[in-house]
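**Q** Sequence first, predicted model second:
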Amino acid sequence: MIGYISPPIRVSVFATVCSPSLPLLLCRRGISTVRCRGESVIRRRGIVACHAGAGVDEMESPQTATGGGDHTIEEGMERMTVRSSLEDLKWDHSFVRDLPGDPRSDTIPREVLHAFYSKVSPSVKVENPELVVWSESVAELLDLDPKEFERPDFPLIFSGAAPLVGGLSYAQCYGGHQFGVWAGQLGDGRAITLGEIVNPKGERWELQLKGAGKTPYSRFADGLAVLRSSIREFLCSEAMHGLGIPTTRALCLVTTGKNVTRDMFYDGNPKEEPGAIVCRVAQSFLRFGSFQIHASRGKEDLELVRVLGDYTIRHHFPQFENMSKSEGLSFKVDQESSSVVDLTSNKYAAWSVEIAERTASLIASWQGVGFTHGVLNTDNMSILGLTIDYGPFGFLDAFDPSFTPNTTDLPGRRYCFANQPDIGLWNIAQFTTTLAAAKLISTEEANYAMERYGIRFMDEYQSIMTRKLGLPKYNKQLISKLLNNMAVDKVDYTNFFRCLSNIKADPGIPEKELLVPLKSVLLDMGKERKDAWISWVQTYIEELVASGIPDEQRKAAMNSVNPRYILRNYLCQSAIDAAEQGDYSEVRRLLKVMEHPYDDQEGMEKYARLPPAWAYRPGVCMLSCSS
């Protein structure tokens, strides 16, 4: 199948494709689509072509034609588009160009004052680095030709051992609250941004190597990363995207060929592990802590909060740059006050509300799929409302609102699953306090942003839970009782909701058969618990009957929001165990499964199974921040 035009063939204008040098059977204007036997079809700018020898079956409409598999003509054409080489990428280093940086370029650990970044280069030592896995969809975002991943020098470039042509590397300066306590300067201690790419759509994407060596923000660490944590970050970045949840992305993962010493459990027993580097991709890696660090340093640095705010709005929130006054964007602060917040009179206020609402929507989506971040420090909160920094994360297996995947979090469970919505609000409070300290927003505007966080979270969460149950409207009592039952019986969160779509809206089902569709997830229960579940299912069926939605229609809708597959920690560990022995096939297979988590994938049923007993051992179900 023709997937793209790769070197040495370079076609700058597709209209020249009708050339004797290309093996084409058909080249004709005015034909919308063509079906070729066993081969791809090319169509662009009115030209249609089949690979020579394929033979023409018939002409069809764009909606029905396929070529060489299950791909539509339009999809085939997308793959046929000539993409960029690494040398052809379009760079625009706005962060370095527009903002003040560190005058020093060394990596000696130190306080970096009055600057947003330090120019540093990757310094990791490598020995025969290998490409473990890469994301085709992220390559498309960057307009990067898939053939580039076959280059012999690709692992060298994306391990940081060889320069990326056009890049301008730096580490970002930021601070943050860690476990509720101000930690001062933190910064990119092992992440080095290679620069910003602007794709053909005009989208700005930053490329960042995680584990590429020391920076001024490394403190006492080595700036490196290990294979196990790198695999987890790569896979979860792409799995979250597959689930439709805003996230940083991952372009590729390479091994360094060198070992890194890590004390995985912080118990005084360090060991050597394979080193690795993930190339992370996001439109921005700015965090709440990027603003906090400057506000924390007193009056002379408060202006830097405004400078960074202006930069962020200009490049990432341009809708707030030039707002016109509108009564529709004026709000009373509360019922008992005459104060009014006019979001059109202060772009920073409108911006802070947008960030609060994005954060609320993000965390509501986490709750919907049972994702627990594990380290919701303010330096791990994206200014764009993205899931960022995948450390000791975990998806719920047995439903437990107090679940935390982070061993460091165990004493207080500050970042457990049930606490995430409140922690999101607490973090928004720290961010708006920073803006208020810089006199960008008033106290009333800060309070309104937090109020909007609460409203947006509840709206989103209720909508998500309603859709997960296939209902037309929110039923608080029904959902509360369900979650209570799930917690009591430690029911698998993902598989339960997937099985729930098999319930029929039939009040005549005999009582003894009511739980049959749920038998694979309601395990080892006595009579009392079975009765509790039967009672709930009966109430649920009453709601389904009242909704009038046909069973098959509801099932399809529920399956579109209740994933069949989630990236369980034990699945990650299986891939890690194989990869540490040099077998990367399971990492690649998991990536493909997690790219389409809502689909029933033939032959992949094992990836939806309940966790085995070994999945609950330390280092699998729970991890430290060590990497």
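**A** Arrived safely. From a predicted model like this one, the values you see are computed outputs, not experimental measurements.
**Q** Please point out which parts of the strand ranked longest in the chain sit buried.
**A** Assignment by DSSP state E gives strand 249-262 as the longest strand of the chain. Residues of strand 249-262 classed as buried: Arg249, Ala250, Leu251, Cys252, Leu253, Val254, Thr255, Thr256, Gly257, Lys258, Val260, Arg262 (neighbour count, 16 or more other Cβ atoms under 10 Å). Where you see a C-beta, it was placed from the backbone N, CA and C, and this is true even at glycine.
**Q** Among these, which one sits closest to Glu542?
**A** Arg249 (43.3 Å; Cβ to Cβ).
**Q** Locate the residue nearest to that closest one when sequence neighbours are not counted within the secondary structure: which element?
**A** Distances taken as Cβ to Cβ, 6 or more residues apart in numbering put Val281 closest to Arg249, at 4.3 Å, once the chain neighbours are dropped. Assigned by DSSP states H and E, Val281 belongs to strand 271-282.
**Q** could you give me the average pLDDT of that strand?
**A** Per-residue pLDDT over strand 271-282 has a mean of 96.
**Q** again with stretch 401-412
**A** 92.
**Q** Give me the buried stretch members for that stretch, please.
**A** Quick answer for stretch 401-412 (16+ other Cβ under 10 Å): Phe403, Thr404, Pro405, Asn406, Thr407, Thr408, Asp409.
**Q** re earlier: Tyr453 versus the residue nearest to Arg249, what's the distance?
**A** Between Val281 and Tyr453 the computed distance is 27 Å (Cβ to Cβ, to the nearest Å).
**Q** hang on, Lys530 packs against Leu515?
**A** Yes - with contact defined as Cβ atoms under 8 Å, Lys530 reaches Leu515; the gap is 6.8 Å.
**Q** ok so, going back, you'd agree the residue nearest to Arg249 is up against His241?
**A** No - Val281 is not in contact with His241 according to Cβ under 8 Å; the separation is 10.5 Å.
**Q** which neighbours do these two share?
**A** Counting by Cβ atoms under 8 Å, 6 or more residues apart in numbering, the residues touching both Val281 and His241 are Arg249.
**Q** Please, where are all the helices along the stretch 151-300 of the chain?
**A** 154-157, 227-242, 288-295, 299-316 (DSSP state H, counting those that start in this stretch).
**Q** Tell me which of the ones you listed lies nearest to Leu396.
**A** Across the helices of the stretch 151-300 of the chain, closest to Leu396 is helix 227-242 (Cβ to Cβ), at 14.2 Å.
**Q** could you check the angle strand 271-282 makes with the closest one?
**A** Here helix 227-242 points in a direction 30 degrees away from that of strand 271-282 (axes from the mean of the first three to the mean of the last three Cα atoms, to 10 degrees).
**Q** give me the beta-bridge partners of the residue nearest the centre of the chain?
**A** By Cα atoms, centre = their mean, the mean C-alpha position of the chain lies nearest to Thr247, the distance being 2.4 Å. Beta-bridge partners for Thr247, by DSSP bridges, are Thr387.
**Q** Which per-residue confidence value corresponds to it?
**A** 98.
**Q** Could you do His93 as well?
**A** Confidence score, pLDDT, at His93: 97.
**Q** Burial check on the closest residue to it other than its chain neighbours, number of neighbours?
**A** In this structure, His93 finds its nearest non-sequential neighbour in Leu168, 4.6 Å apart by Cβ to Cβ, 6+ apart. Neighbour count of Leu168, defined by other Cβ atoms under 10 Å: 15.
**Q** Then Pro318?
**A** 9.
**Q** Next one: it from Glu354, what distance?
**A** 12 Å.
**Q** swap in Ala282?
**A** For Ala282, the distance to Glu354 - Cβ to Cβ - is 17 Å.
**Q** who's more crowded, these two?
**A** Neighbour totals were compared for Ala282 and Glu354, and Ala282 leads with 22 against 19 (other Cβ under 10 Å).
**Q** Contacts only, for the more buried one.
**A** Contacts of Ala282 by Cβ under 8 Å, 6+ apart are Trp205, Glu206, Gln208, Thr248, Arg249, Ser382, Leu384, Leu386, Ile388.
**Q** For it, list each beta-bridge partner.
**A** What pairs with Ala282, by the bridge criterion (DSSP bridges), is Glu206.
**Q** hmm, back to that, make a markdown table out of the buried residues of strand 249-262 and add distance to Val587.
**A** Converted to a markdown table, the buried residues of strand 249-262 look like this (distance: Cβ to Cβ, whole Å):
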| residue | distance to Val587 |
| --- | --- |
| Arg249 | 16 |
| Ala250 | 11 |
| Leu251 | 14 |
| Cys252 | 12 |
| Leu253 | 8 |
| Val254 | 12 |
| Thr255 | 11 |
| Thr256 | 16 |
| Gly257 | 17 |
| Lys258 | 19 |
| Val260 | 18 |
| Arg262 | 19 |
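**Q** Quick check: which helices or strands does whatever helix or strand Glu354 lives in pack against?
**A** With elements taken from DSSP H and E, the one containing Glu354 is helix 347-369. Applying 3 or more Cβ pairs under 8 Å, 6 or more residues apart in numbering; DSSP states H and E, one finds that helix 347-369 contacts helix 299-316, helix 420-437, helix 443-468.
**Q** now the last one and helix 347-369, what's the angle there?
**A** This means helix 443-468. 30 degrees.
**Q** and the angle from helix 443-468 to helix 420-437?
**A** 160 degrees.
**Q** on that earlier part again, just to check, the residue nearest to the centre of the chain is in contact with Asp389?
**A** No - counting by Cβ under 8 Å, Thr247 does not reach Asp389; the two are 10.6 Å apart.
**Q** count of neighbours near Phe291?
**A** Quick note: Phe291 (other Cβ under 10 Å) scores 27 neighbours.
**Q** check contacts around it.
**A** Neighbours of Phe291 in contact, by Cβ under 8 Å, 6+ apart: Val305, Leu308, Gly309, Ile383, Phe431, Thr434, Leu435.
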